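Asker: this is a predicted model, with the sequence first.
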Amino acid sequence: MQLEQLGEFALIDLIKKDTINKVDSVEIGIGDDAAVLKPTPGSLQLVTTDMLVEKVHFDLSTSSAWQLGYKAIGVNLSDIAAMGGVPKHVVIAIAVPKHLPVDFVVSLYDGMKEICREFGVNIVGGDTVSSPHGLVLNVTVLGEVEPEQLQRRSGASVGELVVVTGTLGDSGCGLDLLIQGDWQRHNFAAPLVTSHLVPKPQVLQGPMLATLGSTSMNDISDGLASEVNEIAHASHVGMRIYSSLIPLSTQLQAAAPMFGKTALHYALYGGEDYQLVFTIAPEQFKLLAQVDIGARLTVVGEVTDQSQGIRLVAEDGQTCALEAKGYNHFR
Ligand code: ADP
Ligand code: MG
(Lines give C-alpha, C1' and ligand atoms only; values in the text may rest on other atoms or scores of the structure.)
(Ligands and ions follow the chains in the order given, each with its own letter.)
Protein backbone atom coordinates (compact mmCIF):
# COMPACT_ATOMS: atom_id res chain seq x y z
CA MET A 1 0.00 0.00 0.00
CA GLN A 2 1.13 3.54 -0.72
CA LEU A 3 1.03 6.43 1.74
CA GLU A 4 -1.57 8.32 -0.30
CA GLN A 5 -4.00 5.45 0.25
CA LEU A 6 -3.30 5.16 3.98
CA GLY A 7 -3.35 8.88 4.90
CA GLU A 8 -1.50 10.91 7.51
CA PHE A 9 -3.52 9.99 10.58
CA ALA A 10 -3.52 6.24 10.01
CA LEU A 11 0.24 6.48 9.45
CA ILE A 12 0.78 8.26 12.76
CA ASP A 13 -1.27 5.51 14.43
CA LEU A 14 1.10 2.94 12.92
CA ILE A 15 4.15 4.88 14.08
CA LYS A 16 2.84 5.36 17.59
CA LYS A 17 3.38 1.89 19.03
CA ASP A 18 6.59 1.02 20.90
CA THR A 19 7.75 4.61 21.13
CA ILE A 20 8.05 4.97 24.90
CA ASN A 21 10.98 3.16 26.50
CA LYS A 22 11.24 5.18 29.74
CA VAL A 23 7.75 5.86 31.03
CA ASP A 24 8.87 7.92 34.02
CA SER A 25 10.16 10.88 32.04
CA VAL A 26 7.07 11.40 29.85
CA GLU A 27 3.67 12.79 30.78
CA ILE A 28 2.34 12.83 27.20
CA GLY A 29 4.01 11.35 24.11
CA ILE A 30 2.61 11.12 20.58
CA GLY A 31 -1.06 12.08 20.38
CA ASP A 32 -1.58 15.61 21.65
CA ASP A 33 -0.68 19.07 20.37
CA ALA A 34 2.69 18.90 22.09
CA ALA A 35 4.65 16.34 24.08
CA VAL A 36 4.87 16.88 27.83
CA LEU A 37 8.16 15.83 29.43
CA LYS A 38 9.45 15.51 32.97
CA PRO A 39 13.05 16.76 33.09
CA THR A 40 15.36 15.58 35.88
CA PRO A 41 15.67 18.33 38.50
CA GLY A 42 19.15 19.86 38.55
CA SER A 43 20.11 18.66 35.08
CA LEU A 44 20.86 20.89 32.13
CA GLN A 45 18.80 20.30 28.99
CA LEU A 46 20.59 19.44 25.75
CA VAL A 47 18.95 19.88 22.36
CA THR A 48 20.36 18.92 18.98
CA THR A 49 18.86 18.53 15.53
CA ASP A 50 19.98 17.18 12.17
CA MET A 51 18.32 17.33 8.80
CA LEU A 52 18.87 14.52 6.30
CA VAL A 53 17.99 15.07 2.66
CA GLU A 54 17.76 12.26 0.09
CA LYS A 55 20.65 12.39 -2.42
CA VAL A 56 22.56 14.82 -0.18
CA HIS A 57 22.92 12.73 2.98
CA PHE A 58 21.69 9.31 1.97
CA ASP A 59 20.93 7.26 -1.08
CA LEU A 60 18.08 4.78 -1.00
CA SER A 61 19.79 2.65 -3.63
CA THR A 62 22.52 1.77 -1.12
CA SER A 63 20.81 2.18 2.26
CA SER A 64 17.72 0.33 3.45
CA ALA A 65 14.90 2.20 5.18
CA TRP A 66 15.78 0.44 8.45
CA GLN A 67 19.44 1.43 8.22
CA LEU A 68 18.52 5.01 7.42
CA GLY A 69 16.22 5.17 10.44
CA TYR A 70 18.84 3.72 12.77
CA LYS A 71 21.52 6.11 11.52
CA ALA A 72 19.30 9.22 11.54
CA ILE A 73 18.71 8.78 15.27
CA GLY A 74 22.26 7.57 15.93
CA VAL A 75 24.00 10.65 14.59
CA ASN A 76 21.96 12.83 16.93
CA LEU A 77 22.57 10.59 19.95
CA SER A 78 26.25 10.98 19.12
CA ASP A 79 25.99 14.77 19.52
CA ILE A 80 24.35 14.37 22.94
CA ALA A 81 27.07 11.91 24.01
CA ALA A 82 29.75 14.39 22.92
CA MET A 83 28.32 16.91 25.39
CA GLY A 84 28.74 14.31 28.13
CA GLY A 85 24.98 13.87 28.26
CA VAL A 86 22.34 11.16 28.19
CA PRO A 87 19.72 11.20 25.41
CA LYS A 88 16.11 11.14 26.64
CA HIS A 89 13.62 11.96 23.91
CA VAL A 90 13.46 12.35 20.15
CA VAL A 91 11.11 14.27 17.87
CA ILE A 92 11.00 13.23 14.22
CA ALA A 93 9.75 15.27 11.28
CA ILE A 94 9.45 13.60 7.89
CA ALA A 95 8.60 14.88 4.44
CA VAL A 96 7.68 11.86 2.32
CA PRO A 97 6.78 11.41 -1.35
CA LYS A 98 3.18 10.14 -1.38
CA HIS A 99 3.91 7.22 -3.72
CA LEU A 100 6.26 5.71 -1.12
CA PRO A 101 5.11 2.32 0.20
CA VAL A 102 3.75 2.32 3.75
CA ASP A 103 6.15 -0.55 4.48
CA PHE A 104 9.06 1.76 3.78
CA VAL A 105 7.99 4.19 6.51
CA VAL A 106 7.25 1.34 8.91
CA SER A 107 10.70 -0.08 8.31
CA LEU A 108 12.29 3.39 8.69
CA TYR A 109 10.59 3.68 12.08
CA ASP A 110 11.60 0.12 13.01
CA GLY A 111 15.25 1.18 12.60
CA MET A 112 14.63 4.30 14.67
CA LYS A 113 12.75 2.35 17.34
CA GLU A 114 15.54 -0.22 17.56
CA ILE A 115 18.26 2.30 18.50
CA CYS A 116 15.84 4.16 20.79
CA ARG A 117 15.14 0.88 22.61
CA GLU A 118 18.86 0.12 22.85
CA PHE A 119 19.52 3.39 24.68
CA GLY A 120 16.22 3.89 26.52
CA VAL A 121 15.15 6.89 24.45
CA ASN A 122 11.49 7.88 23.89
CA ILE A 123 9.98 9.00 20.58
CA VAL A 124 7.61 11.70 21.80
CA GLY A 125 6.38 13.42 18.66
CA GLY A 126 7.02 14.73 15.21
CA ASP A 127 5.41 15.97 12.07
CA THR A 128 4.43 14.27 8.83
CA VAL A 129 4.10 16.10 5.54
CA SER A 130 4.32 15.17 1.87
CA SER A 131 7.30 15.98 -0.30
CA PRO A 132 7.20 16.55 -4.07
CA HIS A 133 10.83 15.42 -4.50
CA GLY A 134 12.53 12.87 -2.33
CA LEU A 135 12.54 12.07 1.34
CA VAL A 136 13.58 14.56 4.02
CA LEU A 137 14.09 13.54 7.63
CA ASN A 138 14.65 15.79 10.58
CA VAL A 139 15.53 14.34 13.96
CA THR A 140 15.71 16.39 17.14
CA VAL A 141 17.06 14.84 20.31
CA LEU A 142 16.60 16.12 23.83
CA GLY A 143 19.13 15.03 26.40
CA GLU A 144 20.27 15.82 29.90
CA VAL A 145 23.60 16.40 31.54
CA GLU A 146 24.60 17.22 35.08
CA PRO A 147 26.26 20.65 35.07
CA GLU A 148 29.64 19.37 36.26
CA GLN A 149 29.74 16.75 33.49
CA LEU A 150 29.02 19.09 30.61
CA GLN A 151 31.69 18.73 27.91
CA ARG A 152 32.37 21.96 26.08
CA ARG A 153 34.76 22.25 23.17
CA SER A 154 36.45 25.01 25.09
CA GLY A 155 37.61 22.85 28.03
CA ALA A 156 41.04 21.64 26.81
CA SER A 157 44.23 22.74 28.64
CA VAL A 158 47.93 22.62 27.73
CA GLY A 159 49.59 19.35 28.77
CA GLU A 160 46.49 17.20 28.39
CA LEU A 161 46.29 14.14 26.14
CA VAL A 162 44.12 13.89 23.04
CA VAL A 163 42.31 10.54 23.00
CA VAL A 164 39.91 8.85 20.56
CA THR A 165 37.49 5.93 20.84
CA GLY A 166 37.40 3.07 18.33
CA THR A 167 39.11 3.14 14.94
CA LEU A 168 38.85 6.04 12.49
CA GLY A 169 38.25 6.33 8.77
CA ASP A 170 36.17 3.18 8.25
CA SER A 171 32.96 4.99 7.40
CA GLY A 172 34.46 7.28 4.76
CA CYS A 173 36.05 4.34 2.99
CA GLY A 174 32.78 2.41 3.36
CA LEU A 175 31.05 5.22 1.47
CA ASP A 176 33.64 5.04 -1.34
CA LEU A 177 33.03 1.28 -1.54
CA LEU A 178 29.26 1.84 -1.77
CA ILE A 179 29.68 4.46 -4.49
CA GLN A 180 31.99 2.20 -6.45
CA GLY A 181 29.46 -0.61 -6.26
CA ASP A 182 30.83 -4.12 -6.35
CA TRP A 183 32.17 -4.15 -2.80
CA GLN A 184 30.80 -7.63 -2.08
CA ARG A 185 33.79 -9.05 -4.00
CA HIS A 186 36.17 -7.96 -1.26
CA ASN A 187 36.17 -9.78 2.05
CA PHE A 188 37.44 -6.72 3.91
CA ALA A 189 34.64 -4.48 2.68
CA ALA A 190 31.59 -5.52 4.70
CA PRO A 191 32.62 -4.03 8.06
CA LEU A 192 33.58 -0.75 6.37
CA VAL A 193 30.27 -0.51 4.54
CA THR A 194 28.42 -1.38 7.75
CA SER A 195 30.22 1.31 9.68
CA HIS A 196 29.00 3.80 7.10
CA LEU A 197 25.40 2.59 6.87
CA VAL A 198 24.85 1.73 10.54
CA PRO A 199 27.41 3.62 12.62
CA LYS A 200 27.51 2.78 16.32
CA PRO A 201 27.55 6.06 18.23
CA GLN A 202 29.34 6.11 21.57
CA VAL A 203 26.18 6.90 23.49
CA LEU A 204 27.16 5.30 26.79
CA GLN A 205 30.83 6.25 26.50
CA GLY A 206 30.28 10.03 26.26
CA PRO A 207 28.80 10.44 29.76
CA MET A 208 31.16 7.79 31.19
CA LEU A 209 34.21 9.66 29.92
CA ALA A 210 32.78 12.88 31.30
CA THR A 211 32.54 11.38 34.80
CA LEU A 212 36.02 9.90 34.42
CA GLY A 213 37.78 13.18 33.78
CA SER A 214 37.57 14.27 30.14
CA THR A 215 37.79 18.06 29.83
CA SER A 216 36.50 18.66 26.29
CA MET A 217 34.86 16.40 23.75
CA ASN A 218 33.61 16.25 20.16
CA ASP A 219 32.02 13.47 18.21
CA ILE A 220 33.94 12.68 15.04
CA SER A 221 31.47 13.42 12.28
CA ASP A 222 33.71 15.34 9.88
CA GLY A 223 37.10 13.62 10.25
CA LEU A 224 39.58 13.87 13.12
CA ALA A 225 41.38 16.87 11.61
CA SER A 226 38.25 18.99 11.65
CA GLU A 227 37.23 17.92 15.16
CA VAL A 228 40.59 18.64 16.81
CA ASN A 229 40.69 22.01 15.06
CA GLU A 230 37.31 22.85 16.59
CA ILE A 231 38.46 21.91 20.10
CA ALA A 232 41.80 23.71 19.71
CA HIS A 233 40.18 26.92 18.45
CA ALA A 234 37.47 26.94 21.12
CA SER A 235 40.01 26.20 23.86
CA HIS A 236 42.69 28.64 22.57
CA VAL A 237 45.32 25.91 22.56
CA GLY A 238 47.53 24.14 20.04
CA MET A 239 47.67 20.41 19.36
CA ARG A 240 50.15 17.82 18.18
CA ILE A 241 48.57 14.75 16.62
CA TYR A 242 50.91 11.83 15.86
CA SER A 243 49.96 10.06 12.64
CA SER A 244 51.55 6.80 13.79
CA LEU A 245 49.21 6.66 16.80
CA ILE A 246 45.89 7.03 14.96
CA PRO A 247 43.95 3.75 15.26
CA LEU A 248 43.20 2.26 11.83
CA SER A 249 41.37 -1.00 11.20
CA THR A 250 43.07 -3.70 9.15
CA GLN A 251 40.09 -3.60 6.79
CA LEU A 252 40.60 0.10 6.16
CA GLN A 253 44.29 -0.44 5.51
CA ALA A 254 43.41 -3.13 2.98
CA ALA A 255 40.72 -1.09 1.21
CA ALA A 256 42.16 2.45 1.15
CA PRO A 257 44.68 1.85 -1.70
CA MET A 258 41.79 0.87 -4.00
CA PHE A 259 40.80 4.53 -3.99
CA GLY A 260 44.32 5.92 -4.28
CA LYS A 261 44.20 7.11 -0.67
CA THR A 262 45.90 6.14 2.55
CA ALA A 263 44.05 4.83 5.58
CA LEU A 264 45.39 7.87 7.44
CA HIS A 265 43.73 10.18 4.93
CA TYR A 266 40.34 8.58 5.63
CA ALA A 267 40.90 8.86 9.38
CA LEU A 268 41.82 12.55 9.21
CA TYR A 269 39.44 13.78 6.53
CA GLY A 270 36.76 11.10 6.03
CA GLY A 271 33.38 11.67 7.60
CA GLU A 272 30.78 9.99 9.75
CA ASP A 273 32.81 7.79 12.06
CA TYR A 274 30.78 8.93 15.09
CA GLN A 275 33.58 8.03 17.45
CA LEU A 276 34.56 10.50 20.17
CA VAL A 277 37.70 12.63 20.54
CA PHE A 278 38.40 14.14 23.95
CA THR A 279 41.11 15.72 26.04
CA ILE A 280 42.11 14.57 29.50
CA ALA A 281 44.94 15.18 31.99
CA PRO A 282 47.63 12.44 31.80
CA GLU A 283 47.20 11.34 35.45
CA GLN A 284 43.43 11.14 34.96
CA PHE A 285 43.93 9.07 31.80
CA LYS A 286 45.96 6.53 33.79
CA LEU A 287 42.90 5.91 35.94
CA LEU A 288 40.54 5.91 32.97
CA ALA A 289 42.67 3.33 31.14
CA GLN A 290 41.94 0.85 33.94
CA VAL A 291 38.17 1.11 33.46
CA ASP A 292 36.31 -0.89 30.83
CA ILE A 293 34.11 1.65 29.08
CA GLY A 294 33.17 -0.72 26.27
CA ALA A 295 35.34 1.01 23.69
CA ARG A 296 38.97 0.97 22.65
CA LEU A 297 40.77 4.15 23.75
CA THR A 298 43.86 5.46 21.96
CA VAL A 299 46.03 8.45 22.81
CA VAL A 300 46.69 10.21 19.49
CA GLY A 301 48.33 13.42 20.63
CA GLU A 302 48.71 16.18 23.16
CA VAL A 303 47.46 19.67 23.84
CA THR A 304 50.14 22.34 23.37
CA ASP A 305 50.35 26.08 23.69
CA GLN A 306 48.31 27.99 21.13
CA SER A 307 51.46 29.55 19.64
CA GLN A 308 52.56 26.08 18.48
CA GLY A 309 49.54 25.67 16.22
CA ILE A 310 47.71 22.50 15.27
CA ARG A 311 50.32 20.11 13.92
CA LEU A 312 50.40 16.63 12.47
CA VAL A 313 53.60 14.78 13.36
CA ALA A 314 54.65 12.20 10.77
CA GLU A 315 56.47 8.96 11.59
CA ASP A 316 59.85 10.52 10.73
CA GLY A 317 59.20 13.40 13.15
CA GLN A 318 58.47 15.98 10.44
CA THR A 319 55.47 18.14 11.23
CA CYS A 320 52.94 19.96 9.08
CA ALA A 321 49.83 22.03 9.78
CA LEU A 322 46.77 19.83 10.40
CA GLU A 323 44.05 21.65 8.55
CA ALA A 324 40.33 21.10 8.94
CA LYS A 325 39.39 19.66 5.57
CA GLY A 326 36.26 17.69 6.43
CA TYR A 327 33.05 17.77 4.43
CA ASN A 328 31.58 21.24 4.00
CA HIS A 329 28.13 21.60 2.45
CA PHE A 330 28.54 24.87 0.60
CA ARG A 331 31.94 24.24 -0.93
P1 ADP B 1 -0.79 18.75 15.06
O2 ADP B 1 -1.81 18.96 14.00
O3 ADP B 1 -1.22 19.16 16.42
O4 ADP B 1 0.58 19.23 14.67
P5 ADP B 1 -0.25 16.14 14.07
O6 ADP B 1 -1.50 15.60 13.47
O7 ADP B 1 0.77 16.72 13.18
O8 ADP B 1 -0.66 17.17 15.20
O9 ADP B 1 0.41 15.02 14.94
C10 ADP B 1 -0.33 14.26 15.87
C11 ADP B 1 0.60 13.65 16.85
O12 ADP B 1 1.46 12.75 16.19
C13 ADP B 1 1.48 14.64 17.58
O14 ADP B 1 1.70 14.15 18.89
C15 ADP B 1 2.77 14.60 16.79
O16 ADP B 1 3.87 14.97 17.60
C17 ADP B 1 2.82 13.13 16.38
N18 ADP B 1 3.51 12.92 15.09
C19 ADP B 1 3.16 13.41 13.89
N20 ADP B 1 3.99 12.99 12.92
C21 ADP B 1 4.92 12.23 13.53
C22 ADP B 1 6.08 11.53 13.10
N23 ADP B 1 6.46 11.54 11.81
N24 ADP B 1 6.81 10.86 14.01
C25 ADP B 1 6.45 10.87 15.31
N26 ADP B 1 5.37 11.49 15.80
C27 ADP B 1 4.61 12.17 14.93
MG1 MG C 1 1.68 18.52 12.81
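Answerer: Right, received. Where do you want to start? Numbers count the residues shown, from 1 in each chain. Ligands and ions are numbered 1, 2, ... in the order given.

Asker: the helix or strand hosting Thr49: how far from the chain's middle?
Answerer: Following DSSP states H and E, one finds Thr49 within strand 44-53. Put simply, strand 44-53 sits 11 Å off its chain's centre (CA atoms, centre = their mean, to the nearest Å).

Asker: close to ligand 1, is that strand?
Answerer: No - shown here: strand 44-53 not in contact with ligand 1 (CB under 6 Å from any ligand atom), separated by at least 13.5 Å. Every residue, glycine included, has its C-beta placed from N, CA and C.

Asker: run through who's touching that strand.
Answerer: The contact list for strand 44-53, computed with CB atoms under 8 Å, 6 or more residues apart in numbering, reads 39, 58, 68, 72, 75-76, 79-80, 83, 85, 134, 136-147, 150.

Asker: okay, buried residues for the helix or strand that that strand is followed by please.
Answerer: Using DSSP H and E, the helix or strand that follows strand 44-53 towards the C-terminus is helix 65-81. For helix 65-81, the neighbour count (16 or more other CB atoms under 10 Å) marks 65-81 as buried.

Asker: circling back: tell me which of the contacts of strand 44-53 fall in strands.
Answerer: Judged by DSSP state E, those include Val136, Leu137, Asn138, Val139, Thr140, Val141, Leu142, Gly143, Glu144, Val145 as members of strands.

Asker: between those, which has the most around it?
Answerer: Gly143 (27 neighbours; other CB atoms under 10 Å).

Asker: need the pLDDT of that one.
Answerer: Looking at Gly143, its pLDDT reads 98.

Asker: residue contacts, it?
Answerer: Here Gly143 is in contact with Gln45, Leu46, Val47, Thr48, Ile80, Met83, Gly85, Val86, Pro87, Lys88 (CB under 8 Å, 6+ apart).

Asker: so what's the third one scoring on pLDDT?
Answerer: It refers to Val47. pLDDT at Val47 comes out at 98.

Asker: that one bridge partners, please.
Answerer: Leu142 (DSSP bridges).

Asker: quick check: it vs Ala95, distance?
Answerer: Val47 is 21 Å from Ala95, where distance means CB to CB, to the nearest Å.

Asker: before we move on, the earlier item: quick one: buried residues of the strand holding Thr49?
Answerer: Leu44, Leu46, Thr48, Asp50, Leu52.

Asker: is it correct that Leu68 is in contact with Asp59?
Answerer: No - counting by CB atoms under 8 Å, Leu68 sits too far from Asp59 to count as a contact (9.5 Å).

Asker: phi first, then psi, for the residue lying closest to Leu288 once chain neighbours are set aside.
Answerer: Nearest residue to Leu288, sequence neighbours excluded (CB to CB, 6 or more residues apart in numbering): Leu212, at 4.7 Å. The phi and psi values for Leu212, taken as degrees, to the nearest 10, are phi -100, psi 10.

Asker: contact partners of the helix or strand hosting Ser195?
Answerer: For Ser195, the host element (DSSP H and E) is helix 189-197. Outside helix 189-197, the residues that touch it by CB under 8 Å, 6+ apart are 62-64, 67, 71, 170-175, 177-178, 183-184, 249, 251-252, 255, 272-273.

Asker: identify each buried residue in that helix, please.
Answerer: Quick answer for helix 189-197 (16+ other CB under 10 Å): Ala189, Pro191, Leu192, Val193, Ser195, His196, Leu197.

Asker: before we move on, what about stretch 279-290?
Answerer: In stretch 279-290, counting by 16+ other CB under 10 Å, buried: Thr279, Ile280, Ala281, Phe285, Leu288.

Asker: go through those residues and flag which are in strands.
Answerer: Checked against DSSP E, the buried residues of stretch 279-290 include these in strands: Thr279, Ile280.

Asker: now the buried residues of stretch 279-290 as TSV including pLDDT and distance to Ala234?
Answerer: Shown next, in TSV, are the buried residues of stretch 279-290 (pLDDT from 0 to 100; distance: CB to CB, whole Å):
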residue	pLDDT	distance to Ala234
Thr279	98	11
Ile280	98	16
Ala281	98	18
Phe285	98	21
Leu288	97	22
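
Asker: using a markdown table, please lay out the buried residues of stretch 279-290 together with distance to Lys113.
Answerer: Formatted as a markdown table, these follow (distance: CB to CB, whole Å):
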| residue | distance to Lys113 |
| --- | --- |
| Thr279 | 35 |
| Ile280 | 35 |
| Ala281 | 40 |
| Phe285 | 37 |
| Leu288 | 33 |
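
Asker: which of the buried residues of stretch 279-290 sits closest to ligand 1?
Answerer: Within the set of these, Thr279 lies nearest ligand 1; the separation is 37.1 Å, counting by CB to the nearest ligand atom.

Asker: any idea how far that closest one lies from Gly159?
Answerer: Thr279 is 10 Å from Gly159, by CB to CB.

Asker: now tabulate the ones in strands among the contacts of strand 44-53 in JSON lines and tack on distance to Ala267.
Answerer: Below are those laid out as JSON lines (distance: CB to CB, whole Å):
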{"residue": "Val136", "distance to Ala267": "31"}
{"residue": "Leu137", "distance to Ala267": "28"}
{"residue": "Asn138", "distance to Ala267": "29"}
{"residue": "Val139", "distance to Ala267": "26"}
{"residue": "Thr140", "distance to Ala267": "30"}
{"residue": "Val141", "distance to Ala267": "26"}
{"residue": "Leu142", "distance to Ala267": "31"}
{"residue": "Gly143", "distance to Ala267": "27"}
{"residue": "Glu144", "distance to Ala267": "32"}
{"residue": "Val145", "distance to Ala267": "28"}
